[in-house]
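Asker: fold the following for me, if possible:
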Amino acid sequence: MNQLEISPADFRKLVAEVSEFAASYLETLDSMPTFPSTSGEETADVFAEKMPEEGIGMNALAALHDVTRLSRRQNARFFGYVLGSGEPVAAAADLLASVVNQNVTAWRSGPAAVTIERTVVGWLAEAIGCSGFQGSLTGGGSPANLVGLAMAREAKLSSNEHGVSANRRGIVYASEEAHMSIPKSVALLGLGREKLRLIACDASFRMITAELESAIQRDVKGGYVPIAIVANAGTVNTGAIDPLEEIARIARSNNMWMHVDGAYGALAAITDREKFTGLELADSLSLDPHKWLYQPLDCGCLLYRDPAAARKAFSHTGDYAKTLNEDPVEGFAFFEESMELSRRFRALKLWLSLRYHGLAAFRAAIENDLAHAQRLASAVESDSRLELMAPVGLSAVCFRVSGREADSELNEMNAAILRRTILRGNVYLSNATLRGAFCLRACFVNHRTTDTDVDRIIPEVLAAAADCGFKVE
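Answerer: This next block holds a predicted model:
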């Protein structure tokens, strides 16, 4: 037998042990510290073995304990970043996706897998009020934003025909709260980061459209070509939603592409369409089921209004990959509408998860997250020792320990408090800097979180302050 083959009996035994290990991990997850007690040196030492020349079979599973022991835990008290909680049904589906091992590149390569992905994409579009949009699943919001802006460049500059000479004139606009993937995308597309105009925000961290219009007018007078506006449907720092309808009007009146970065927030439209009015006016839209549909990494998505725009940007197929079938289903190829050729079966976990639980269960979980954010915000506002640093439009809460110190001292103090809070291991927070102020940030995209977990945040922060020797009054 081939040395890499194992018998069905051995595979069942292997999967059974991994499954039991995973179930035990989930069973004890909420009792674990949010961050492991370890250091970079210790972690490196644990995994510093040489590649084995001879295998050790089932004994290899013993090291899985170190993997979980030295991992950050996505339990009910993890409030860092915008990272979903890894819904277990979807995790189980990931095993089958790996076993079936489909290359979801064209219908002929994976009929069921391609059909399921196209179905799931349609479900997502309909759920957020963008019925009729098409698209594909991606590794996350960053590649989705890149692909969306590549479509914008080709639609408005035709760079495939004119090359860098056209790129030199193209301008992209985004708010000063734009995600870091936006300047990266502008650079990777050959426009140059200096061709990204960052537009000022108001007190609620929403793009000021009057500033946007002025910037466009200046660039037109300067001989540039405004090609795209990136609107936020949930900024990563505060969850702010830009005025989508007004931005769409500006884009249309200037023959520009409107891309919405909804990687964090757009899926909250499942619960509140009115908050996202104008989302359906986008030309392209990124969203992340591995955030607010609680899917295991990775599972991002790009939706777009016009598949022809995607094909204009990405249809460049070698003879070895050409699809000879002209049937609209059997001839479909994701590689004609995206930058990936080899693509994993991301859709299986989302498809199974949605069918197992139903959309209503996800809607309720998102509503709980929104309520948890308001609960924390109210608690912060009622505590004189704390200061709420931004409006809470979605589920991100930015606050800090206040005091009479100068701003620079408050920044240092809160940074120290955050470090200590994480080391204590009882809650995990991240940080944001808002107009020069260092903030503690709790983001709720976690189906495991309860009111009790939310109520632990402030006591932990104040205990961390005391540990650091700060007198908070």
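Asker: ok, A90 touching L297?
Answerer: No: using CB atoms under 8 Å, A90 is not in contact with L297, being 10.4 Å away. Where you see a C-beta, it was placed from the backbone N, CA and C, and this is true even at glycine.
Asker: and the two? Which one has more around it.
Answerer: More crowded of A90 and L297, by other CB atoms under 10 Å: A90, with 26 against 15.
Asker: please name the residues that touch the more buried one.
Answerer: Residues near A90 by CB atoms under 8 Å, 6 or more residues apart in numbering: Y294, Q295, P296, K349, L350, L352, S353.
Asker: switch to 7 Å and redo it
Answerer: Neighbour list for A90: Q295, P296, K349, L350, L352, S353 [criterion: CB atoms under 7 Å, 6 or more residues apart in numbering].
Asker: where does the fourth one land on pLDDT?
Answerer: Confidence per residue is given as pLDDT, and for L350 that number is 98.
Asker: same question, the first one
Answerer: Reading off the per-residue confidence, Q295 sits at a pLDDT of 97.
Asker: start the count at 403, not 1, going forward
Answerer: I'll keep to 403 as the first residue from here, and by that count the last item is Q697.
Asker: count of neighbours near G625?
Answerer: G625, neighbours per other CB under 10 Å, totals 7.
Asker: which one is it nearest to, not counting chain neighbours?
Answerer: R571 (7.0 Å; CB to CB, 6 or more residues apart in numbering).
Asker: ok, G531 touching R675?
Answerer: Yes: using CB atoms under 7 Å, G531 makes contact with R675 at a distance of 5.2 Å.
Asker: of the two, give the one with the bigger neighbour count.
Answerer: G531 (17 against 14).
Asker: that one in helix, strand or coil?
Answerer: Classification of G531 by DSSP: H, G, I helix; E, B strand; the rest coil places it in coil.
Asker: make sure S744 is indeed in a strand.
Answerer: No: secondary structure of S744 (three-state DSSP): coil, not part of a strand.
Asker: how many neighbours does it have?
Answerer: There are 9 residues near S744, going by other CB under 10 Å.
Asker: give me the pLDDT for it.
Answerer: 94.
Asker: ditto for H718
Answerer: pLDDT at H718 comes out at 76.
Asker: show the buried residues in the contacts of A492.
Answerer: Those of the contacts of A492 that meet the buried threshold are Q697, P698, K751, L752, L754, S755, by 16 or more other CB atoms under 10 Å.
Asker: report the buried residues of stretch 486-506.
Answerer: For stretch 486-506, by 16+ other CB under 10 Å, it's 486-490, 492, 494-496, 499, 504-506.
Asker: give me the mean pLDDT for it.
Answerer: 96.
Asker: any idea how far that stretch is from the middle of the chain?
Answerer: 18 Å (CA atoms, centre = their mean, to the nearest Å).
Asker: then that stretch to PDB, C-alphas only?
Answerer: The C-alpha trace of stretch 486-506 is given here as PDB (Å, rounded to 0.1, in the frame of the first residue of the first chain):
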ATOM      1  CA  GLY A 486     -16.300  35.400  14.700                       C
ATOM      2  CA  SER A 487     -16.600  32.700  17.300                       C
ATOM      3  CA  GLY A 488     -16.200  29.600  15.100                       C
ATOM      4  CA  GLU A 489     -19.700  28.000  15.000                       C
ATOM      5  CA  PRO A 490     -19.200  24.200  15.500                       C
ATOM      6  CA  VAL A 491     -21.500  22.900  12.800                       C
ATOM      7  CA  ALA A 492     -19.500  24.800  10.200                       C
ATOM      8  CA  ALA A 493     -16.300  23.400  11.800                       C
ATOM      9  CA  ALA A 494     -17.500  19.900  11.300                       C
ATOM     10  CA  ALA A 495     -18.300  20.700   7.600                       C
ATOM     11  CA  ASP A 496     -14.800  21.900   7.100                       C
ATOM     12  CA  LEU A 497     -13.500  18.300   7.700                       C
ATOM     13  CA  LEU A 498     -15.800  17.000   4.900                       C
ATOM     14  CA  ALA A 499     -14.700  19.900   2.600                       C
ATOM     15  CA  SER A 500     -11.100  18.800   3.100                       C
ATOM     16  CA  VAL A 501     -11.900  15.100   2.500                       C
ATOM     17  CA  VAL A 502     -14.000  15.800  -0.700                       C
ATOM     18  CA  ASN A 503     -11.200  18.100  -1.700                       C
ATOM     19  CA  GLN A 504     -12.900  20.000  -4.500                       C
ATOM     20  CA  ASN A 505     -11.200  22.700  -6.500                       C
ATOM     21  CA  VAL A 506     -14.100  25.200  -6.700                       C
END
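Asker: look up phi and psi at A839.
Answerer: Main-chain torsions, A839, degrees, to the nearest 10: phi -100, psi 130.
Asker: from E429, how far out is the residue nearest to it when sequence neighbours are not counted?
Answerer: Nearest residue to A839 in three dimensions, chain neighbours excluded: M791, at 6.1 Å (CB to CB, 6+ apart). M791 sits 37 Å away from E429 when distances are taken as CB to CB, to the nearest Å.
Asker: try L614
Answerer: The gap separating L614 from E429 is 51 Å, by CB to CB.
Asker: A798 now?
Answerer: In terms of CB to CB, A798 sits 30 Å off from E429.
Asker: these two: which is more packed in?
Answerer: Taking neighbours as other CB under 10 Å, A798 and E429 compare with A798 leading, 28 against 9.
Asker: my read: that one touches L842, true?
Answerer: No: with contact defined as CB under 7 Å, A798 does not count as touching L842 (11.2 Å).
Asker: list the buried residues for the helix or strand encompassing I649?
Answerer: In the assignment (DSSP states H and E), I649 maps to helix 646-655. Going by neighbour count (16+ other CB under 10 Å), the buried part of helix 646-655 is L646, E648, I649, A650, R651, I652, A653.
Asker: repeat that for stretch 687-705.
Answerer: 687-698, 701-705.
Asker: just the ones of those in helices?
Answerer: P691, H692, K693, W694 (DSSP state H).
Asker: for these, which one is nearest S441?
Answerer: H692 (28.3 Å; CB to CB).
Asker: can you list the low-confidence ranges for the stretch 653-802 of the chain?
Answerer: The model of the stretch 653-802 of the chain has pLDDT under 70 over residues 719-727.
Asker: strands of that one, residue ranges please.
Answerer: Counting by DSSP state E, counting those that start in this stretch, the stretch 653-802 of the chain has these strands, from start to end: 659-663, 686-689, 702-706, 788-790, 798-803.
Asker: what's the third one packed up against?
Answerer: Other helices and strands packing on strand 702-706, by 3 or more CB pairs under 7 Å, 6 or more residues apart in numbering; DSSP states H and E, are helix 513-529, strand 536-540, helix 543-559, strand 686-689.
Asker: please redo it, this time with the cut-off set to 8 Å
Answerer: helix 513-529, strand 536-540, helix 543-559, strand 686-689, helix 691-694 (3 or more CB pairs under 8 Å, 6 or more residues apart in numbering; DSSP states H and E).
Asker: got these as a markdown table, with distance to L864 columns?
Answerer: As requested, the helices and strands packed on strand 702-706 are exported to a markdown table (distance: least, CB to CB, whole Å):
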| stretch | distance to L864 |
| --- | --- |
| helix 513-529 | 40 |
| strand 536-540 | 40 |
| helix 543-559 | 34 |
| strand 686-689 | 36 |
| helix 691-694 | 29 |
